[in-house]
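Colleague: Need coordinates for the following:
(one chain, ligands or ions: 1)
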Amino acid sequence: MSQKPILIVDDVDTHLTLFTATLEAAGYTVLSARSRAEALALSATTAPGIALVDLVLPDGDGIELIKTLKDRDPSIKLIAITAFASVDRAVSAMRNGAMDFLVKPIEPEHLKTTITNTLAGRSIGQYVQPYPADEVETDGLIGSSDLMQDIYSTIRAVAGSAASVFITGENGTGKVKAAAAIHDQSGYKDGAFVKLDCSTAAPNTIEAELLGHIAMPGAPEKIGVAELANGGTLLLDEICTLSLPMQARLLNMLQSGVITPIGTTSGRPAEFRLICTSTVDPRTEVQAGRFRADLFYRLNVVPIHLPPLRARGLDVVEIAETELDRLCAREEREFRTLSTEVKAIFLDHAWPGNIRELMNVLWNVIVLHDGPVVNVPDLPPYLRGAPRVQRTPNPGGASQAPANPFAGKTLAEIERNAVEAAISHAGGSIPTAARALGVSPSTLYRKLEGWGRPARGGRKF
Ligand SMILES: Nc1ncnc2c1ncn2[C@@H]1O[C@H](COP(=O)(O)OP(=O)(O)OP(=O)(O)O)[C@@H](O)[C@H]1O
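Modeller: Purely as a prediction, here's the structure:
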């Protein structure tokens, strides 16, 4: 339970009375304000932990108030209150610092659940993640390699159209960042950029997450991400993890051009650009019968494949140096550059986690060490400790043959060890492991099945 009071800002007396009574009965201390001015004065003296802000106030804009309260106290948790007709404003409120929003009329139970979730740090952002403004520019995609120049051209070309885009690539290659760049350069940029992670949304709620539902006993009306994205971009992240029945529903929505929330037959026009991402190869999923071919061809109007970091040449150093500057500015640290040895290690490393792995390494370095140069001992042990090929004779002159790692093993055991090591190195991704081993994913699936290991859906295991 919050130690700090909850501030409710709404100019309608009946709302204030109902919300205050509900929350006080649940044990919270509640303050109320009927205007922007009153809210600013109260928050200056009482430091509320949560503020519920109606977006329409008699003396100003609720979004402005949300922004001001967040600027004044970054720890405050904000919830926007809105009428159904202004869902786009709720999304805008979330971009300005709100964690969640409530649509009127608000059921007391729903109000209490939202407060509990907000205090626990759970927000609608678990499913709906408006992208921070500074992350959505193509400029934010660093890397001058030829491979990336081609990607930038495709992004620019597709941004000017309404075509669906299917972005593939290993984990951490920047699929979501590329999607955000397309949104930011497109005619949809004034609408919301809304992401639904199909791999983490619960199977029994994903349809409601996508399409929404009408008010039902015990559950207030829910607005689906498809509707939140209207006028903007809907990103379906890891779409290949959708079940076949959900694929059918999505196809139905795309074919009809209508979003029909659960519990009603009347729909609303769907007006958004759709971008999908997948870490696994969608064509393999289609061939295996796990992904509908008709849906795939509808989504795959413009395919973009993001190459792994290890294939981007000097991009790894360019990204590392740029990110080092950015992280140091943010964390007030003093690193200026990477030593030559560190650059060599970065160029040599396979980066199975791609740019996300690189970011984690830099983060680790700047938090634990002091600058101005990143040296080999500053790197995490798995990077600096990797046994390097000895290129010069050792000083003692004695030959030190490395221990034979294959001693005593059959060819079949060696093969199995190599496959398992590659899958583990690829973070569980079979297509990535297959690429590293130079075989097709179906070869790996067959081998795994032969060894009695689950290879469900080509997904991580
Ligand atoms: N070209 C790039 N330049 C700079 N930063 C990048 C680039 N590409 C990605 N990033 C950063 O790398 C991280 C991972 O990117 P992102 O989440 O877009 O990858 P992803 O492919 O969607 O990952 P996953 O499949 O694991 O969800 C993010 O912090 C992102 O900002």
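
Colleague: list the contacts for the spatially closest residue to Trp351 that is not a sequence neighbour?
Modeller: Leaving aside its sequence neighbours, Trp351 sits nearest to Leu309 (C-beta to C-beta, 6 or more residues apart in numbering; 4.4 Å). All C-beta atoms are positioned from the backbone trio N, CA, C, and that covers glycine. Going by C-beta atoms under 8 Å, 6 or more residues apart in numbering, Leu309 touches Gly172, Thr173, Asp315, Val316, Ile319, Trp351, Asn354, Ile355, Leu358.

Colleague: can we see that at 10 Å?
Modeller: Contacts for Leu309 were tallied using C-beta atoms under 10 Å, 6 or more residues apart in numbering; they are 143, 170, 172-174, 315-316, 319, 346, 349-358.

Colleague: From Ala311, how far off is the residue nearest the centre of the chain?
Modeller: The chain has Val176 as the residue nearest its centroid, 6.5 Å off, counting by C-alpha atoms, centre = their mean. Going from Val176 to Ala311 by C-beta to C-beta, to the nearest Å gives 19 Å.

Colleague: same thing with Thr432?
Modeller: On the measure of C-beta to C-beta, Thr432 and Ala311 end up 12 Å apart.

Colleague: quick one: which of those two has more around it?
Modeller: Set Thr432 next to Ala311 and count neighbours by other C-beta atoms under 10 Å: Thr432 wins out with 25 against 13.

Colleague: Relative to Phe346, how far out is that one?
Modeller: On the measure of C-beta to C-beta, Thr432 and Phe346 end up 19 Å apart.

Colleague: what does Tyr152 give?
Modeller: 22 Å.

Colleague: higher neighbour count, the two?
Modeller: Phe346 (21 against 15).

Colleague: give me every residue that touches the residue lying closest to that one once chain neighbours are set aside.
Modeller: Closest residue in space to Phe346, ignoring its immediate chain neighbours: Val316 at 4.9 Å, by C-beta to C-beta, 6+ apart. The contact partners of Val316, by C-beta under 10 Å, 6+ apart, come to 143, 145, 309-310, 343, 346-349, 351, 354-355, 358.

Colleague: Of the residues you listed, which is the nearest to the ligand?
Modeller: Taking C-beta to the nearest ligand atom as the measure, the ligand lies nearest Ile355 of these, at 3.6 Å.

Colleague: Give me the helices and strands touching the helix or strand containing that closest one, please.
Modeller: Using DSSP states H and E, Ile355 falls within helix 354-368. Counting contacts by 3 or more C-beta pairs under 10 Å, 6 or more residues apart in numbering; DSSP states H and E, helix 354-368 is packed against helix 315-331, helix 340-348, strand 373-374, helix 381-384.

Colleague: Enumerate every residue touching the closest residue to the ligand within the chain.
Modeller: Nearest residue of the chain to the ligand (C-beta to the nearest ligand atom) works out as Gly174 at 2.5 Å. When contacts are counted by C-beta under 10 Å, 6+ apart, Gly174 touches 140-143, 148, 151, 167, 180-181, 306-307, 309, 319, 354-356.

Colleague: one more time with 8 Å, if that's ok
Modeller: Neighbours of Gly174 in contact, by C-beta under 8 Å, 6+ apart: Leu141, Leu306, Asn354, Ile355.

Colleague: Would you mind confirming that the second one makes contact with Gly172?
Modeller: It refers to Leu306. No - the pair Leu306 / Gly172 is not scored as a contact, 9.7 Å apart, by C-beta atoms under 8 Å.

Colleague: before we move on, back to that, what residues sit buried inside the helix holding Ile355?
Modeller: Asn354, Ile355, Glu357, Leu358, Met359, Val361, Leu362, Val365, Ile366 (16 or more other C-beta atoms under 10 Å).

Colleague: Also stretch 151-170?
Modeller: Ile151, Thr154, Ile155, Val158, Ala159, Ser164, Val165, Phe166, Ile167, Thr168, Gly169, Glu170.

Colleague: can I assume the second one is in contact with Ile304?
Modeller: Spelled out, that is Thr154. Yes - between Thr154 and Ile304 there is a contact under C-beta under 8 Å: 5.6 Å.

Colleague: that older thread, for the residue nearest to Phe346, give me the pLDDT.
Modeller: As predicted, Val316 sits at a pLDDT of 93.

Colleague: Please report the distance of it from Gly143.
Modeller: For Val316, the distance to Gly143 - C-beta to C-beta - is 9 Å.

Colleague: Give the helix, strand or coil label for Phe291.
Modeller: The three-state assignment at Phe291 reads coil, by DSSP: H, G, I helix; E, B strand; the rest coil.

Colleague: pretty sure Gly97 is in contact with Asp73, am I right?
Modeller: No - in this structure Gly97 lies outside contact range of Asp73 using C-beta under 8 Å: 10.4 Å.

Colleague: Spatially nearest residue to Asn230, not counting backbone neighbours?
Modeller: Per C-beta to C-beta, 6+ apart, closest to Asn230 is Glu271, 5.3 Å.

Colleague: tell me the SS of that neighbour?
Modeller: coil.

Colleague: again with the one 5 residues further on
Modeller: Three-state assignment for Cys276 (three-state DSSP): strand.

Colleague: That one against Ser164, yeah?
Modeller: Yes - using C-beta under 8 Å, Cys276 is in contact with Ser164, at 7.3 Å.

Colleague: Can you pull the residues that touch both of those two?
Modeller: What both Cys276 and Ser164 touch, as defined by C-beta under 8 Å, 6+ apart, is the set Leu299.

Colleague: Secondary structure of His15: a helix, I assume?
Modeller: Yes - checked against three-state DSSP, His15 lies within a helix.

Colleague: ok, it - contacts?
Modeller: Ile8, Asp54, Ile81, Lys104, Ile106.

Colleague: before we move on, back to that, would you list the helices and strands packed on helix 354-368 in CSV and tack on distance to the ligand?
Modeller: Listed next are the helices and strands packed on helix 354-368 as CSV, based on distance: least, C-beta to the nearest ligand atom, whole Å:
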stretch, distance to the ligand
helix 315-331, 5
helix 340-348, 14
strand 373-374, 17
helix 381-384, 18
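
Colleague: Tell me which of these sits most buried.
Modeller: Compared across the helices and strands packed on helix 354-368, strand 373-374 shows the largest average neighbour count, a mean of 19 (mean count of other C-beta atoms under 10 Å).

Colleague: Which other helices and strands does that one contact?
Modeller: strand 337-338 (3 or more C-beta pairs under 8 Å, 6 or more residues apart in numbering; DSSP states H and E).
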